[in-house]
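>>> Generate a structure from the sequence data that follows.
(2 chains)
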Amino acid sequence: MQKKFLALFLSVIFIFTLVGCSGNNNESKESDQAQPPVEQVADDKVAAAEKILMDQLQPLPEFNQGEKIGILVITLANPYWATLKESYESAADELGVNVEVMAAPTEGDTKSQLETLMAMTAKDYQGLILSPVEPFNLVPGVVAANKKDIKVVNLGPGIDVNAVKEAGGKIDGRITVNFEEQGQRAAEYIVDKIGKDGGKVAIIQGIPGAGQSEGRTAGARKVFENTTGIELVSVQPGNWDRNTAYNITTNLLQAHPDIKGIFCCNDVMALAAADALTAAGKREGRIIFGVDFIDEAKEAIGTGKLDGSIAYSMDAYAKAGIILCLKTIQDMEVPQVNSPLEVVTKENIQEYQNWH
Amino acid sequence: MKPNIAQLLLGLVLCITVLLLSIASPFFMTWDNWRNILDQSALLVIIAIGMTFVIVTGAIDLSVGSVAALSGVCMAVAMHAGMAVATAILLGLAAGALVGTSNGLLISRLNLNPFIVTLGTMAVARGVALIITKGIPIYGFPAAFIWWGSGHIGALNPPILLAILITLLGALVLNQTKLGYYALALGGNEEALRRTGVAHQTYKLIIYVICGITAAIGGLVVTARLNTAEPLAGSMFELDAIAAVVLGGTDMKGGRGSIIGTVMACLLLGILRNGLTILSIPSYYQQLTIGIIILVAIIVSELRLKNAWEND
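Residues are numbered from 1 along each chain as shown, chains lettered A, B, ... in the order given. Just a heads-up that it's a prediction; the model follows:
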């Protein structure tokens, strides 16, 4: 009987070690593979975006100092963040710094994301780059990082600055895209395509309260509400989730069979909306627009499944994030940095084939 | 003697895990990190202790995650309506107790299946939380409320102390009181208990109320810590709590359970999540590892039972 326990016990330890090892192996493999593409495939569009960002970041910090930076994204279960992770890793190789990218297990898991950050503050990072699930969940972690003199850069969705201040902490640098402008430019395209006759439109949001979701919704809402003939019939939270967005679209079609355009706050939801319309046989004549320009969206715009997406270069964005973090670590002054945006549609998709 | 083997084994796994992690990373064995682990495990401990009481009766409560969200939302709405922090917290706990009471009444008086009843109240509580907030998280609370999530009491904080307090209370009630004795008896042989003339329905009701209140305290901790009441908070809490209770050596069929085992299991899960993060292992592997550990624990537990039968 005791032998049996011993065997089982050892297998627990064995599994644990095995998982631990394979995890580490995978990571080093990923970063090996990530090395080459950075400069070779970069085309004019990416170079232009990168230049706009780099101009904002002058003067540049010193590179190849081997700084250790911890990066916390929202979830690797979303292709957007998974792609950004790769961009971070290739940019880190190029700039000669060490990065480790961590994430919450799922999109809405505010508690686990904070727990991951708290564990990261116990390590020897010199800087952290954080993208929070929502504006408040990482605040205690930012304060913990401040206490240990780890620089904190906020990339993408905003951490609430006032809440951080109230808790006695500070954010050292901030880089973002203008979310409101993303929503606005997508909505302008939809309105333009619907044309003079006007019609009904809807917005599928991300997680209500999340910075990128609220910003994009506000931008799109403003355009829709200020255009005569356009009627905004519904704004629904899709929680960034494919299945939720699919169901919302099906319900929307029931309530408003004559709907002409749907703006979704990310591509994953836009793809689901397109699928739902296709399944109902009602894709024809309706405009679906997403944000992020993930690989699946690139393909979908090419085949006409999706009408368009708002893009910004992940590689340039990630690289700028790391440079900004280096500047804070090297005690240089940091500006607020905005990433430039591109509207990608079936008319201009050809120019964006090498975009990343 | 026999129930102790599970806890001994768990303790051993816990020690080895700690040992391995401290060899693997220099950042693991620091007080800052241990405080993190305790802080993170506290929430699970609080909810899992309520769950232990339900599971020793041979039942299950799936509504705890939704109850945590609902009570957090109630506290938030009360505070934003200008109520004092203490009143708001009591109101939130009352919401938890209310859901617990409904669970208890439906299960004990109408003799309904606990799995289905709590599945229903899980959806009801979540739905009410969504309706109250219209799906939008509520932000920003008074400092006296946030203290419950991230304040300081010496080297510890309120969630950790709450967890310790609830552990002590839970162990006392389960091992030393009539309520604890009857809870175990309900799981062991409800019919026998009924025939001895014990008001078994009342005891059952009390147990679901306890579980509702611990879930609401969990809601207090998570809402205060994040300074946000989210209607979608606490999803999957029930599964984490059930996993911890079973991992701790409590029998899903009821009649046998241990508060200390539950606490050790919560710590093991907390240490694993923390350790895998410290080692920079991607979140995918974290889920895989934790899943495997739970499966192995159940296999061990079943084998032990079988052996116990054969030896008898």
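>>> helices or strands up against the helix or strand hosting B:Ile271?
Using DSSP states H and E, B:Ile271 maps to helix B:259-278. Of the remaining helices and strands, those touching helix B:259-278 by 3 or more C-beta pairs under 8 Å, 6 or more residues apart in numbering or on different chains; DSSP states H and E are helix A:110-121, helix B:2-24, helix B:31-56, helix B:158-176, helix B:237-247, helix B:283-311. For every residue, glycine as well, the C-beta is placed using N, CA and C.
>>> who are the neighbours in contact with residue 203?
Picking chain A for this. A:217, A:220-221, A:224, A:232, A:234-236, A:262-265 (C-beta atoms under 8 Å, 6 or more residues apart in numbering or on different chains).
>>> wait, chain B
B:Tyr203 touches B:179, B:182-183, B:186, counting by C-beta under 8 Å, 6+ apart.
>>> Quick check: residues of the stretch 201-312 of chain B near chain A?
Those residues of the stretch 201-312 of chain B that sit near chain A, judged by C-beta under 8 Å from any C-beta of the partner chain, are B:222, B:225-228, B:230, B:232-233, B:235, B:273-274, B:276-289, B:292-293, B:296, B:299-300, B:303, B:307.
>>> of these, buried ones?
B:222, B:225-228, B:230, B:232-233, B:235, B:273-274, B:276-283, B:285-286, B:288-289, B:292-293, B:296, B:300 (16 or more other C-beta atoms under 10 Å in any protein chain shown).
>>> How many residues are close by the closest residue to B:Leu184 other than its chain neighbours?
Closest residue in space to B:Leu184, ignoring its immediate chain neighbours: B:Val56 at 5.4 Å, by C-beta to C-beta, 6 or more residues apart in numbering or on different chains. By other C-beta atoms under 10 Å in any protein chain shown, 28 other residues sit near B:Val56.
>>> Please apply the same query to A:Ala47.
So A:Ala47, with other C-beta under 10 Å, has 12 neighbours.
>>> That one and chain B, how far apart?
Taking C-beta to the nearest C-beta, to the nearest Å as the measure, A:Ala47 falls 31 Å from chain B.
>>> Distance-wise, check that residue relative to A:Pro340.
12 Å (C-beta to C-beta, to the nearest Å).
>>> contacting residues around the spatially closest residue to B:Ser41 that is not a sequence neighbour?
With sequence-adjacent residues excluded and distances taken as C-beta to C-beta, 6+ apart, B:Ser41 is closest to B:Gly270, at 3.4 Å. B:Gly270 sits next to B:37-38, B:40-41, B:44 when contact means C-beta under 8 Å, 6+ apart.
>>> tell me which of these is nearest to chain A?
B:Gln40 (4.8 Å; C-beta to the nearest C-beta).
>>> you'd agree that closest one is up against A:Thr116?
No - here B:Gln40 does not reach A:Thr116: they are 9.8 Å apart, not a contact under C-beta atoms under 8 Å.
>>> just to revisit the earlier point, and the helices and strands packed on helix B:259-278 as CSV, adding distance to A:Thr303?
Compiled in CSV, those are given as follows (distance: least, C-beta to C-beta, whole Å):
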stretch, distance to A:Thr303
helix A:110-121, 35
helix B:2-24, 47
helix B:31-56, 45
helix B:158-176, 51
helix B:237-247, 39
helix B:283-311, 30
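>>> Out of the ones you listed, which gets nearest to B:Ala216?
helix B:31-56 (9.4 Å; C-beta to C-beta).
>>> and the helix or strand just after that closest one, which residues are buried?
The helix or strand immediately downstream of helix B:31-56 is helix B:64-80, counting by DSSP H and E. By 16+ other C-beta under 10 Å, the buried positions in helix B:64-80 come out as B:64-79.
>>> of those residues, list those near chain A.
Answer for the buried residues of helix B:64-80 near chain A: none qualify (C-beta under 8 Å from any C-beta).
>>> contacting residues around the helix or strand B:Thr118 falls within?
B:Thr118 is part of helix B:114-133 when elements are defined by DSSP H and E. With C-beta under 8 Å, 6+ apart as the contact definition, helix B:114-133 has outside contacts at B:54, B:59-63, B:65-67, B:69-70, B:73-74, B:76-77, B:99, B:102-103, B:106-107, B:229-232, B:238.
>>> now stretch A:143-153
By C-beta under 8 Å, 6+ apart, the residues outside stretch A:143-153 that reach it are A:70, A:117-118, A:121, A:125-130, A:142, A:164, A:167-175, A:321, A:324-325, A:328-329, B:32.
>>> So, low pLDDT: which residues of chain B?
For chain B, applying pLDDT under 70 flags the ranges B:1-4, B:301, B:304-306, B:308-312.
>>> Swap in 50 and give it another go.
B:1-2 (pLDDT under 50).
>>> thinking again about what came up before, tell me the contacts of the residue nearest to B:Leu184?
By C-beta under 8 Å, 6+ apart, the neighbours of B:Val56 are B:174, B:183-184, B:186-187, B:250-251, B:254-257.
>>> So how do I select the buried members of these in PyMOL?
Selection of buried members from the contacts of B:Val56 for PyMOL, criterion 16+ other C-beta under 10 Å:
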select buried, chain B and resi 174+183+184+186+187+250+251+254+255+256+257
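>>> and of the contacts of B:Val56, the nearest to B:Gly11?
Looking across those and measuring by C-beta to C-beta, the closest to B:Gly11 is B:Thr250, at 15.6 Å.
>>> That closest one should be in a strand, yeah?
No - checked against DSSP: H, G, I helix; E, B strand; the rest coil, B:Thr250 lies outside a strand; its state is coil.
>>> thinking it is in contact with B:Gly261, fair?
Yes - shown here, B:Thr250 and B:Gly261 form a contact pair, counting by C-beta under 8 Å, at 6.6 Å.
>>> Check the contact lists of the two and give me the overlap.
If you check B:Thr250 and B:Gly261 against C-beta under 8 Å, 6+ apart, no residue is contacted by both.
>>> what about B:Val221, neighbour count?
26.
>>> Skipping adjacent residues, who's closest to it in space?
B:Pro159 (4.6 Å).
>>> what number of residues lie near the one you found?
With other C-beta under 10 Å as criterion, B:Pro159 counts 27.
>>> Please report how far it lies from chain A.
Distance from B:Pro159 to chain A, by C-beta to the nearest C-beta: 11 Å.
>>> With B:Gly11 instead?
Distance, B:Gly11 to chain A, by C-beta to the nearest C-beta: 11 Å.
>>> Apart from its neighbours in sequence, what residue is nearest that residue?
B:Met264 (6.3 Å).
>>> Let me see the contact set for that neighbour.
B:7, B:10-11, B:14, B:248.
>>> Write out the residues of the stretch 201-350 of chain A neighbouring chain B.
Proximity of the stretch 201-350 of chain A to chain B (C-beta under 8 Å from any C-beta) is limited to residues A:207-209, A:237, A:239.
>>> Quick check: the farthest pair among those?
Greatest spatial distance among those (C-beta to C-beta): A:Gly209 and A:Asn239, at 10.9 Å.
>>> For chain A, just list every one of the strands.
According to DSSP state E, chain A carries its strands in the segments A:68-75, A:98-104, A:127-130, A:151-155, A:173-177, A:199-205, A:230-237, A:259-264, A:287-291, A:308-311, A:337-339, A:342-345.
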